[in-house]
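> for reference, the sequence and a predicted model appear below.
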Amino acid sequence: MGDSCFAILASMALPEALASLPQMARHLRVSTRWLRAETDAGRIPHIKAGDQRLFNVSVVVRLLAERAGTGDHSDLQASPDIKGGES
């Protein structure tokens, strides 16, 4: 690999923490049924990977905090059971 390849790899951001539907529901303290219905209706952003729905934790938390009108989402920060891009 040349130096330019290393520069490109070094500049790439690590992925945000992703959570499965059950993890995200537990994190938000809502039922999986409610979260599934909200994603089906297009109100909660997610990624489909096969038959799984994956959620960017920080995006969903920020969106729901904004919808609630509080902007405060300090009690919903990523929990230890949701791993991010760091090892």
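That came through, no problem.

> so where do the helices sit in the protein?
Shown for the chain, the helices assigned by DSSP state H span residues 3-11, 21-28, 32-40, 57-68.

> between these, which gets nearest to His46?
Using CB to CB as the criterion, the shortest distance between His46 and the helices of the chain is 5.0 Å, found for helix 32-40. Every residue, glycine included, has its C-beta placed from N, CA and C.

> in the chain, which helix or strand is least confident?
Within the chain, judged by mean pLDDT, DSSP states H and E, the helix or strand with the poorest mean is helix 3-11; its value is a mean of 58.

> buried set for stretch 48-65?
Burial within stretch 48-65, assessed by neighbour count using 16 or more other CB atoms under 10 Å, is assigned to Arg53, Phe55, Asn56, Val57, Val60, Val61, Leu64, Ala65.

> ok, back up a step: deepest-packed of the helices of the chain, please.
The highest mean neighbour count among the helices of the chain belongs to helix 21-28 (a mean of 18), with neighbours defined as mean count of other CB atoms under 10 Å.

> tell me what angle that helix forms with helix 32-40.
Relative orientation of helix 21-28 and helix 32-40, computed by axes from the mean of the first three to the mean of the last three CA atoms, to 10 degrees: 110 degrees.

> report the angle between helix 21-28 and helix 57-68.
Orientation of helix 21-28 against helix 57-68 (the same axes, to 10 degrees) gives an angle of 50 degrees.

> give me the helices and strands touching helix 21-28, please.
Packing partners of helix 21-28 (3 or more CB pairs under 8 Å, 6 or more residues apart in numbering; DSSP states H and E): helix 32-40, strand 52-56, helix 57-68.

> make CSV from these and add mean pLDDT and distance to Arg26 to it.
Formatted as CSV, the entries for the helices and strands packed on helix 21-28 read as follows, by pLDDT from 0 to 100; distance: least, CB to CB, whole Å:
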stretch, mean pLDDT, distance to Arg26
helix 32-40, 96, 9
strand 52-56, 94, 12
helix 57-68, 90, 12
